[in-house]
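Asker: Pasting the sequence and the predicted coordinates here, then a few questions.
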Amino acid sequence: MAKIKYYYDTETCRYERVKTSPLDMFVNITGLLFACSLFGFFFSAIYIKYFPSAEEARLRKENADLLYAHKLLQKEVDESKRVLIALQDRDDKIYRVIFEAEPIPKEIRQAGTGGSQKYQDLLDKKLARQDMILSTLSQIDNLKRQMYVQTKSYDEIVDLALNKSKMLAAIPAIQPVDNKDLKRLASGFGMRIHPILKVKKMHAGIDFSAPKGTAIYSTGDGKVIKARKSNRGYGWEIEVDHGFGYVTKYAHMSKFYVKRGQKVFRGQKIGEVGSTGSSTAPHLHYEVIHKKRKVNPIRYFSKDVTADQYATLLEKASVENQSLGY
């Protein structure tokens, strides 16, 4: 039974019945409905959050499992990166140094990455976390590219290892003339006085003074790529390509015992000392060229001298005297 409300009317000095207008009733009912709806939404949200449906609970668990799996995958990717960096560092600083191979340039090691078009199928699906998925896929793709570069590097190192004995036999490692008493080294590598111009010029080899007809030997295994006779410059000269970036030159000779295209071996007699070309006395001008750059030949006298003898040769070669020819 509805309660009847009264109010005291001061004018009539009596209690009058409260009359509710239709508008007031509408406002009251609307307010009640709004409050009920608000509380309903609030309690529904709490219920859904803490008491989800079986399907929603399954989806939430699946999403949590996927996020956990992604974290584990990212951890493995990071660990793989660290391992690969260690392999690259060991490759450049140990293996390639041992076999005298140039380090692989950084831009090649990075190998580049594919563009986003590579994952266009995923982009078309407009996945909710496609940024996370694409980032991981891109990292894995880049790892695969860098690993491919590393495997090719190891293939090269294996080839170098298999050819190590050939390389050791090919590298110039003895003096080109018999010099047991160490008295034949006449002029060393560096700035020396030109025998004809009488001014200092770069002397790109070592001069061994010796009588005409003294035997000249190949300092390493290789193939003759030049056997030229001339009355100027180097005169009669021979060049031997030893492979692995090494070439040796023998100049001012008087006789050849080999010809262009012929294979030679370390210690093999290839000619005789002379005084042809720009020469002031019988001698052998000997050069070592590594990767197209002329280097000091004395660095390579390792097979036929002791440590004390090598020190003596270094001292003789350091004297800035006049060369016997250019």
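Answerer: Here it is on my side, so go on.

Asker: Neighbours of residue 221, how many?
Answerer: Neighbourhood size, residue 221 [other Cβ atoms under 10 Å]: 21. For the C-beta atoms, the positions are set from N, CA and C on the backbone; glycine is no exception.

Asker: mind listing what it touches?
Answerer: Residues in contact with residue 221 (Cβ atoms under 8 Å, 6 or more residues apart in numbering) are 166, 169, 170, 242, 263, 264, 265, 266.

Asker: tell me the two of the residues you listed that are most distant?
Answerer: 166 and 264 (14.1 Å; Cβ to Cβ).

Asker: Between those two, which has more neighbouring residues?
Answerer: residue 264 (21 against 14).

Asker: and the nearest residue to the more buried one once chain neighbours are set aside, how far is that from residue 234?
Answerer: Spatial nearest neighbour of residue 264, excluding adjacent residues (Cβ to Cβ, 6 or more residues apart in numbering): residue 218 at 4.4 Å. To residue 234, residue 218 is 17 Å away according to Cβ to Cβ, to the nearest Å.

Asker: And the closest residue in space to residue 277 that isn't next to it in sequence, what's its pLDDT?
Answerer: What sits nearest to residue 277 in space, not counting adjacent residues and going by Cβ to Cβ, 6+ apart, is residue 235, at 2.5 Å. pLDDT for residue 235: 92.

Asker: Now for residue 235: which residues touch it?
Answerer: Residue 235 is in contact with 229, 251, 252, 253, 274, 275, 276, 277, 278, 279, 325, counting by Cβ under 8 Å, 6+ apart.

Asker: With neighbour count and pLDDT as added columns, please give those in a markdown table.
Answerer: Output for these, formatted as a markdown table (neighbours: other Cβ atoms under 10 Å; pLDDT from 0 to 100):
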| residue | neighbour count | pLDDT |
| --- | --- | --- |
| 229 | 11 | 94 |
| 251 | 27 | 94 |
| 252 | 27 | 94 |
| 253 | 26 | 95 |
| 274 | 22 | 94 |
| 275 | 18 | 92 |
| 276 | 20 | 92 |
| 277 | 20 | 89 |
| 278 | 22 | 85 |
| 279 | 23 | 86 |
| 325 | 27 | 61 |
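
Asker: Which of these sits closest to residue 10?
Answerer: When these are compared against residue 10 (criterion: Cβ to Cβ), the nearest one is residue 251, at 137.0 Å.

Asker: The residue nearest to residue 264: neighbour count?
Answerer: Residues lying near residue 218 (other Cβ under 10 Å) number 25.

Asker: Check the gap between residue 182 and residue 175 for me.
Answerer: 9 Å.

Asker: Which one's more surrounded, these two?
Answerer: Using other Cβ under 10 Å, the more surrounded residue of residue 182 and residue 175 is residue 175, with 25 against 15.

Asker: quick one: contacts for the more buried one?
Answerer: 208, 219, 301, 304, 305.

Asker: Could you measure from it over to residue 317?
Answerer: For residue 175, the distance to residue 317 (Cβ to Cβ) stands at 12 Å.

Asker: Show me the beta-bridge partners of the nearest residue to residue 263 once chain neighbours are set aside.
Answerer: Leaving out its chain neighbours, the residue that sits closest to residue 263 by Cβ to Cβ, 6+ apart is residue 223, at 5.3 Å. On the basis of DSSP bridges, residue 223 is bridged to residue 241, residue 263.
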